[in-house]
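Asker: have a look at this prediction, sequence included:
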Amino acid sequence: EVTPKTTLEDEPEDDDLFETEFRQYKRTYYMTKMGVEVVSDAFLADQAECYVQAIQWILHYYYHGVQSWSWYYPYHYAPYLSDIHNISELKIKFELGKPFMPFEQLLAVLPAASKDLLPKCYQHLMTSQDSPIIEYYPPDFKTDLNGKQQEWEAVVLIPFIDEKRLLQAMESCNKGLKEEEKRRNTHSACLMYWYDKDAEFQYLSPWPEKFPAIEKCHTRYKTIPLDAWHVEITHNKITKINKNALYFCGFPTLKHIKHKFYLKKSGVQVFQQSSHGENMMLEIIVDENSKDQVVENVASSILGKRVFVNWPHLEEARVVAVSDGETKFYLEEPHGTQKLYMGNAVPPTKVAYVGDKEQSMWVKEVQGISEQYQRRKGIIIHETSVVVYAQLLTVLERERSSFPCPCCLCKRKKQNLNAGLFLLVLWYNTLLCYFQS
């Protein structure tokens, strides 16, 4: 008589089977995606090193600046994370090199169909069979959706360009550049344009066959040298920060509003299509301490003040109106005013009682916002009693500070807010935004 194995005794065998199947799955992935016949230890070691080098380049780029102008990731696909190991002894080095000139950059990234964007002396390099780099511009090529659904998401399987070969091929063509093209092919200063109501002049069109002249131009500009963008970076300085504060505008954080989360088939739309599987849903939790909030109290707290909206991707905005569908409080300011009323400053406020038509529109607005959050973001906000209208901040200016600011947006010199009314946030026993007094 044979005694059947227990469930616990079955587990090691199941684990071994899973590991075997997983290794085979990865082997098939590397063979089909990367075209290798043998998935050797040397191949996997190279994959790991290239991937770690890519991560290092990205981190250096954001913390220390460009470490190499010529580096690129030499594969169309990434390795499995489980194959990135034995990396502690890797010596990652980069050669700085130098950036492409404008025409070099265009020839490196444009397809042959866009050859007219380049000077004529370079165009044959993309189309002529005698071109020494013609293989980089194939008329037909394969794409791989690689699990995606949209064509623009596909991996484009064209060869990576050899920088040295590209530059050598262009060198013999440079003598064909016109003087105007030579002037264009430089790293030049930036031009900053702005509106000036006092300026009014005729600006002649550089291409009158296609675009008319601007009869009343109100634009000024000034030159900004390249070194104006240099930012000094302090290394090896650790600063203790308040993790609950908002430090990165637009970066998602779930800290400021109580919520719960769960998986549910809700048909959240991604790329204009409803998902068929389960979605991670965020459901706002009722704040029991704010049940008695009324529109008057909300208006007195935030009207004319700075708030953070579009949770969980917090963006700064200025509140211009508050309404519960029956009463609307809004700023009574001269046209174009973009003032923030900080501290105890009292904003000029006007109260209007909403008519039947406006009440109906308010209900539709609430329904639209609620549906938008649930259908596109997977956020359930339930009943709404107050809607807040706000203007998004559109421009930030850098200002040096010798100490960490409680919020990166405190560094701005001025508020440049869009003039249009922008429906942003809701009130459901808790405000769907984070604001500072």
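Answerer: Cool, got the structure. Numbering: from 1, shown residues only.
Asker: hang on, I55 in a helix?
Answerer: Yes. Applying DSSP: H, G, I helix; E, B strand; the rest coil, one finds I55 inside a helix.
Asker: that one and Y72, how far apart?
Answerer: For I55, the distance to Y72 (Cβ to Cβ, to the nearest Å) stands at 14 Å. For glycine as for every other residue, the C-beta is placed from the backbone atoms N, C-alpha and C.
Asker: for the residue nearest to F251 when sequence neighbours are not counted, give its distance to S275.
Answerer: Excluding the flanking residues, the one nearest F251 by Cβ to Cβ, 6 or more residues apart in numbering is H313, at 7.3 Å. As for H313, its distance to S275 is 20 Å (criterion: Cβ to Cβ).
Asker: ok, G267 next?
Answerer: According to Cβ to Cβ, G267 stands 6 Å off from S275.
Asker: now swap in N344 and tell me
Answerer: Shown here: N344 relative to S275, a distance of 48 Å by Cβ to Cβ.
Asker: of those two, who's got more company?
Answerer: S275 (14 against 6; other Cβ atoms under 10 Å).
Asker: next one: the top helix by length along the chain to chain centre, how far?
Answerer: The longest helix of the chain (DSSP state H) is helix 7-34. In terms of Cα atoms, centre = their mean, to the nearest Å, the centre of helix 7-34 is set 36 Å apart from its chain centre.
Asker: residue ranges with poor pLDDT in the stretch 251-400 of the chain?
Answerer: Counting by pLDDT under 70, the stretch 251-400 of the chain contains low-confidence ranges at 289-293, 395-400.
Asker: quick one: the strands in it, in order.
Answerer: 259-264, 269-270, 273-274, 279-284, 306-309, 315-323, 327-331, 349-353, 379-380, 386-395 (DSSP state E, counting those that start in this stretch).
Asker: C-alpha coordinates for the helix or strand that E180 is a member of, PDB please?
Answerer: Here E180 sits within helix 179-184, counting by DSSP states H and E. In PDB, the C-alpha atoms belonging to helix 179-184 read as follows (Å, rounded to 0.1, in the frame of the first residue of the first chain):
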ATOM      1  CA  GLU A 179      26.600  79.400 -45.700                       C
ATOM      2  CA  GLU A 180      23.100  79.700 -44.200                       C
ATOM      3  CA  GLU A 181      23.000  76.000 -43.400                       C
ATOM      4  CA  LYS A 182      26.400  76.200 -41.700                       C
ATOM      5  CA  ARG A 183      25.100  79.000 -39.400                       C
ATOM      6  CA  ARG A 184      22.100  76.800 -38.500                       C
END
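Asker: and the helices in the stretch 201-350 of the chain?
Answerer: 295-302 (DSSP state H, counting those that start in this stretch).
Asker: my bad, the stretch 51-200 of the chain
Answerer: So, for the stretch 51-200 of the chain - with DSSP H, counting those that start in this stretch - the helices run 102-109, 120-127, 163-171, 179-184.
Asker: return the set of buried residues in the longest one.
Answerer: It refers to helix 163-171. Going by neighbour count (16 or more other Cβ atoms under 10 Å), the buried part of helix 163-171 is 163, 166, 169-170.
Asker: CA atoms only: put it into CSV for me.
Answerer: The C-alpha coordinates for helix 163-171 follow below in CSV (Å, rounded to 0.1, in the frame of the first residue of the first chain):
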residue,chain,number,x,y,z
GLU,A,163,28.1,57.1,-34.4
LYS,A,164,31.6,56.9,-35.9
ARG,A,165,30.3,55.6,-39.2
LEU,A,166,27.6,58.3,-39.3
LEU,A,167,30.1,61.1,-38.8
GLN,A,168,32.5,59.7,-41.3
ALA,A,169,29.8,59.4,-43.9
MET,A,170,28.7,63.0,-43.3
GLU,A,171,32.3,64.4,-43.3
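Asker: chain center to it, what's the gap?
Answerer: Its chain's C-alpha centre lies 33 Å from the corresponding centre of helix 163-171 when counted by Cα atoms, centre = their mean.
Asker: from the contact counts, what lies against it?
Answerer: The contact analysis (3 or more Cβ pairs under 8 Å, 6 or more residues apart in numbering; DSSP states H and E) places helix 163-171 against helix 102-109, helix 120-127.
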